[in-house]
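Asker: The amino acid sequence is not available; the structure is as follows:
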Ligand SMILES: CSC[C@H]1O[C@@H](n2cnc3c(O)ncnc32)[C@H](O)[C@@H]1O
Ligand SMILES: [Zn+2]
C-alpha cells in the first residue's frame, strides 16, 4: 500500500539545511501524487516531492516539508501521476525503426538472411542511421525511456542523435567479421569504434562500448581482441547470445562448445558483459552467468515474434543473475515501448513457469529501471530515485479511465500499460518531454523523414 512520505522514510543530504533556516534555492521541485523510487524495493510514497538541483536529485521529502525547505526556480505539480525513474532499454537497434513492418512473421535466420541483411546492404547509410535513430529517440521518450543501449551500423550517427535529443545512451559499436555497410571486417570495426569511444571519452551522457554481434558472425580471433581491450579499459561488452536453440545446436555441432562456454574460455564473460536474449539455457549456463557476474538483457517481444524461444527470466533472477529489459529493434518487436516489454515479460514469466507469482509487478519495474542501470554499468548514476543520482525521471498520468480504480500504482504501470500515458520526461534534470510534446526533437520532421524512407525503400521493391 502507498505510504505517506514521512521524514523517517526519505533520503536527504547529511548536511542539508533544516526547515528553520533560509530556504535552499534549487532548480526544480516536482510534486507527484505517487513517487516510486524503485530503491528501496516496492516503496510508493504519497504526497511527496523530489528536489532537483544541477541535474541531480537532492531530496525526496514530504510535500509540506519541501515547501518550507526549498525555493525552487521551477515547480511542477503532477496531481494524478506516478513519478518513477526513467526507463532503461538495454538492447535496441534504433535506426531499424525505418524497417518496421518490412518483414514480419518470419523466424530469426530467415528474417535476417533473406530480408533484413539484404535491405540493410542496400539502404543503410549515415543519413538512414540519423533519421531512424531520431524516430527511435522520439518514440522512446514518448513512452518513458530515458536511457538506451544501441547496437547498429554508423554508431556515430546514433551517438549524435543521443547527444542532440538529450537522452542518456550506451552506444555499442557493432563488430562483425564480414563486410557490413559500416565496416569491411572486424579489425576495421574495432578501429572505427575505438576512435568513436575516444571522441566521447568525456561526455556525460553518452558512452561508447563494444558489441560483437553474435557467436555466428564473429570468430575467436576478434573476440580475443575485444576481451583484451575490454579488460584493459573496463569497457562494457554486449552480444546477442543463445537467441535460439538453433544457434546453440549449431555451435555444439561445429565446436562441441556452447556459446556461453566459448565466451568464458575467451575471457569475455564477466560483470561487464551483457548477454542479449539467452532463450536457451541449461544449469551450466546459469552457473556460468551467475559466477561471472554477467548480465542478461531479456527481449520477450522480439523473441515471441521471431519464435526464437523464451528466456527464463524469473529463474535467472532467482539464481542471482541480473536481468534487464530490451525491446530489440523495431523491425522485430515492432515497438520501442518498454512498458509493453515489461508487461509481456511479467505475463510470459508466469506462463513458462506455471507460477502466477513469477515476476511480480514491482520486480518487473525494477528490471526496466535499476537492473537496466546495473546491466549498463551506470547504476551509480541512474536507475532509481536516490539522492545524488541524476534526475532521470518519467511521469505517468494514471488519471485515465483505463487506470480506474487505482488500488496499486505499480500494478497499474505494469499490467494496464504505461507507455501511452507518459506525460513528462527529464534526463539529468532537463525536460525532454512536456505534456507529451517533445522538447528537443521536431516531431513533424521526424515523421516526414520516416515517410521519405518508406517511399524510397518501397519504390525499389514494389
Ligand atoms: C551489428 S549491427 C546489428 C545487426 O544485428 C541485426 N539484428 C537485429 N535484430 C537482431 C536479432 O534479434 N538477432 C541478431 N541480429 C539482429 C541487425 O539487423 C544488424 O544487422
Ligand atoms: Zn538485437
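Answerer: Thanks, I have it. Please read all numbers here as calculations on a predicted model, not as lab measurements. Ligands and ions are numbered 1, 2, ... in the order given.
Asker: in the sheet, who's paired with residue 324?
Answerer: residue 297 (DSSP bridges).
Asker: On the pLDDT front, check it for me.
Answerer: Listed pLDDT for residue 324 reads 99.
Asker: For burial, what's the neighbour tally of it?
Answerer: 29 (other C-beta atoms under 10 Å). C-beta coordinates here come from the backbone N, C-alpha and C atoms, glycine included.
Asker: tell me the contacts of it?
Answerer: By C-beta atoms under 8 Å, 6 or more residues apart in numbering, the residues touching residue 324 are 88, 90, 274, 295-298, 367-368, 371-372, 374-376.
Asker: So which of those residues is surrounded by the most neighbours?
Answerer: Result: residue 372 is most packed of these (other C-beta under 10 Å), 34 neighbours.
Asker: ok, that one touching residue 90?
Answerer: Yes - using C-beta atoms under 8 Å, residue 372 is in contact with residue 90, at 4.9 Å.
Asker: hey, what's in contact with both of the two?
Answerer: With C-beta under 8 Å, 6+ apart as the test, residue 372 and residue 90 both reach 324-325.
Asker: returning to that earlier point: mind checking which of the contacts of residue 324 are in strands?
Answerer: 88, 90, 274, 295-298 (DSSP state E).
Asker: so where do the strands sit in the stretch 251-400 of the chain?
Answerer: Assignment of strands within the stretch 251-400 of the chain using DSSP state E, counting those that start in this stretch yields the ranges 273-277, 295-298, 322-325, 393-397.
Asker: right, so of those, which gets closest to ligand 1?
Answerer: Ligand 1 lies closest, by C-beta to the nearest ligand atom, to one member of the strands of the stretch 251-400 of the chain: strand 273-277, at 7.0 Å.
Asker: any residue of the closest one up close to ligand 1?
Answerer: No - for strand 273-277, no contact with ligand 1 is found by C-beta under 6 Å from any ligand atom; the gap never falls below 7.0 Å.
Asker: Repeat that for stretch 110-130.
Answerer: Yes - using C-beta under 6 Å from any ligand atom, stretch 110-130 comes into contact with ligand 1 via 112, 116, 120.
Asker: Might you enumerate the residues of this structure proximal to ligand 1?
Answerer: Checking the chain against ligand 1 by C-beta under 6 Å from any ligand atom, the hits are 93, 112, 116, 120, 151-153, 174, 176, 213-214, 240, 243, 302, 328-329, 332.
Asker: For residue 95, give me its contacts.
Answerer: Counted by C-beta under 8 Å, 6+ apart, residue 95 has contacts 124, 128-133, 136, 152-154, 157-158.
Asker: now the spatially most central residue of the chain, nearest residue through space, not along the chain?
Answerer: For the chain, the residue nearest the mean C-alpha position is residue 89 (1.2 Å; C-alpha atoms, centre = their mean). Excluding the flanking residues, the one nearest residue 89 by C-beta to C-beta, 6 or more residues apart in numbering is residue 148, at 4.4 Å.
Asker: burial of the one you found, as a residue count?
Answerer: When neighbours are counted by other C-beta under 10 Å, residue 148 comes out with 29.
Asker: what kind of secondary structure is it in?
Answerer: Using DSSP: H, G, I helix; E, B strand; the rest coil, the structure places residue 148 in strand.
Asker: how far away is it from residue 136?
Answerer: Going from residue 148 to residue 136 by C-beta to C-beta, to the nearest Å gives 8 Å.
Asker: so where's this structure uncertain?
Answerer: For the chain, residues meeting the criterion pLDDT under 70 lie at 1-20, 460-462.
Asker: Would you tell me which helix is longest in it?
Answerer: In the chain, assigned by DSSP state H, the helix with the most residues is helix 443-461.
Asker: Could you check that one and say which residues are buried?
Answerer: Neighbour counts over helix 443-461 (16 or more other C-beta atoms under 10 Å) mark 446, 449-450, 453, 457 as buried.
Asker: for stretch 344-359, same thing?
Answerer: 344-349, 352-353, 358-359.
Asker: Would you mind splitting the chain into its domains for me?
Answerer: The chain is divided into the following domains under the TED database: 3-9+22-85+391-428, 87-376.
Asker: number of nearby residues for the residue nearest to residue 261 when sequence neighbours are not counted?
Answerer: The spatially closest residue to residue 261, leaving aside those adjacent along the chain, is residue 288, at 7.1 Å (C-beta to C-beta, 6+ apart). Counted with other C-beta under 10 Å, residues neighbouring residue 288 total 20.
Asker: just checking, residue 288 touches residue 264?
Answerer: Yes - counting by C-beta under 8 Å, residue 288 touches residue 264, with 5.5 Å between them.
Asker: Find the closest residue to ligand 1 in this structure.
Answerer: For the chain, C-beta to the nearest ligand atom, closest residue to ligand 1: residue 174, 3.0 Å.
Asker: got the contact list for that residue?
Answerer: So residue 174 contacts 151-153, 155, 180, 182-183, 189, 193, 211, 213 (C-beta under 8 Å, 6+ apart).
Asker: Can you flag which of these belong to helices?
Answerer: Judged by DSSP H, the subset of the contacts of residue 174 located in helices is 155, 189, 193.
Asker: Work out for me the element the nearest residue to the first one once chain neighbours are set aside sits within.
Answerer: The shortest distance from residue 155 to any residue that is not its chain neighbour, by C-beta to C-beta, 6+ apart, is 4.4 Å, and that residue is residue 173. With secondary structure defined by DSSP states H and E, residue 173 is part of strand 168-175.
Asker: Next, the angle from that strand to strand 273-277.
Answerer: Relative orientation of strand 168-175 versus strand 273-277 (axes from the mean of the first three to the mean of the last three C-alpha atoms, to 10 degrees): 80 degrees.
Asker: Sheet partners, orientation included, of strand 168-175?
Answerer: As assigned by DSSP bridges, strand 168-175 forms pairs with strand 145-150 (parallel), strand 206-212 (parallel).
Asker: Widest-spaced pair of the contacts of residue 324?
Answerer: Using C-beta to C-beta, the contacts of residue 324 span at most 15.1 Å, a distance reached by 274 and 368.
Asker: Give me the residues contacting stretch 344-357.
Answerer: With C-beta under 8 Å, 6+ apart, stretch 344-357 has contacts from 298, 300-301, 304, 310, 312-315, 325, 358-361, 364, 367, 414-415.
Asker: List the buried residues of the longest strand along the chain.
Answerer: For the chain, the strand with the greatest residue count under DSSP E is strand 70-85. Within strand 70-85, the residues that count as buried by 16+ other C-beta under 10 Å are 70, 72, 76, 78, 81-85.
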